[in-house]
Structure formats: structure tokens, C-alpha cells
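> sequence first, then the predicted structure, then my questions.
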Amino acid sequence: MITIKRATVEDAEEILDVKIRAFKEEVELYGFGPPGYDLLENITKTISQCFYYKIVDDNKIVGGIGVWDKGNRCYGIGSVFIDLAYQSKGIGSLAMECIEKKFPEASKWILETPYKSYRNHYFYEKMGFIKIGEFKPYVEHDNFYLFQYEKIC
């Protein structure tokens, strides 16, 4: 049974292991992953600074999702990830629906995803997000850019 629970600093090492596996395909595709995604101290810091949730299947962490309060009833979603062995089973959809229910006051959701992550584009659009822009986040990676998505509630 899949549950979504608030993560604690004690979960950080297990979350790190899952996150590294989850981003394996993107690292192979682009040659790098999100900045600091594979550093324990970054996960520990993020758990402490935002609403960070672990996605759990039978007491095993299989994914995670971070939520940031951007003000004015706008929330940002960052670093949504599901372990490769658990992808394409509806877990991401369940997690997103659960997160939206945890923040009923939200009037807008925003997120970013890499330009070649076609499964992510399909997934977010299926969840009601609309692409609103794109930008280059890293100077050292000339051919890389992110798509910006938003969902108005």
C-alpha cells in the first residue's frame, strides 16, 4: 500500500539512495543530474527547509516530493522522483493528488522539468499543468534548459 508521509532527517540516507536511482536515466541522458541531488547534506537541508514528503510502499521509501510555499497561495513542486523499479505504476499520480489535497489553500502550483524529459512533460500535462516558459539554469551547460509549468486551481 502506497502512503505519503512527511519526511524526517532520519529518512535522508534512504531518500538519497532512491533519488540517485530515480535520476539515473536523466544523468545518462544529459551527463549530469540536478545540482546537489546526490549529496546527503542537500537532502537533509531540504527536508528541514520545506514540506518534504516521502512516498512509501510497505515501509520502504520509493520516492519523494518537495513543496515550497512561494507566497500568495502559490506553491512550488521540486524534485519529484520515483524509484525506477516503481515507475509507471500510478504512484506519481497518487503522490501529486495527495500533495494537492494537503495544500487546499493553493491557487497555483509551479514546477520545472528538463526539456528532454518527455515522460515528465506528459505526466505533468496529464496532471493539469501547462507549459508557460523555458529557461537556461546553468551557464556551464550550454545546450540544457528547463521547461516551466504551472497549474491554476
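Thanks, I have the structure now.
> what about the residue nearest the centre of the chain, helix or strand, and which?
What sits nearest the mean C-alpha location of the chain, by Cα atoms, centre = their mean, is Val80, with 1.6 Å. When elements are assigned from DSSP states H and E, Val80 belongs to strand 74-82.
> the residue nearest to Cys74 when sequence neighbours are not counted bridge partners, please.
In this structure, Cys74 finds its nearest non-sequential neighbour in Lys108, 4.5 Å apart by Cβ to Cβ, 6 or more residues apart in numbering. Just so you know, the C-beta spots here come from the backbone N, C-alpha and C atoms, and that holds for glycine as well. Under DSSP bridges, the beta-bridge partners of Lys108 are Cys74, Ile152.
> surely Lys108 is in contact with Tyr149?
No - Lys108 lies out of contact with Tyr149 (Cβ atoms under 8 Å); the separation is 11.0 Å.
> just want to know which of the two has more residues nearby.
The residue with more neighbours, out of Lys108 and Tyr149, is Tyr149; 22 against 14, by other Cβ atoms under 10 Å.
> which ones are touching that one?
Taking Cβ atoms under 8 Å, 6 or more residues apart in numbering, we find Tyr149 in contact with 110-113, 124-125, 129-132.
> so it lies in a strand, does it not?
Yes - assessed by DSSP: H, G, I helix; E, B strand; the rest coil, Tyr149 belongs to a strand.
> distance check, the residue nearest to Cys74 against Lys151.
7 Å (Cβ to Cβ, to the nearest Å).
> Tyr122 now?
15 Å.
> quick one, which of those two is more surrounded?
Higher neighbour count among Tyr122 and Lys151: Lys151, with 20 against 10, using other Cβ under 10 Å.
> against Met96, how distant is the more buried one?
From Lys151 to Met96 the distance is 10 Å (Cβ to Cβ).
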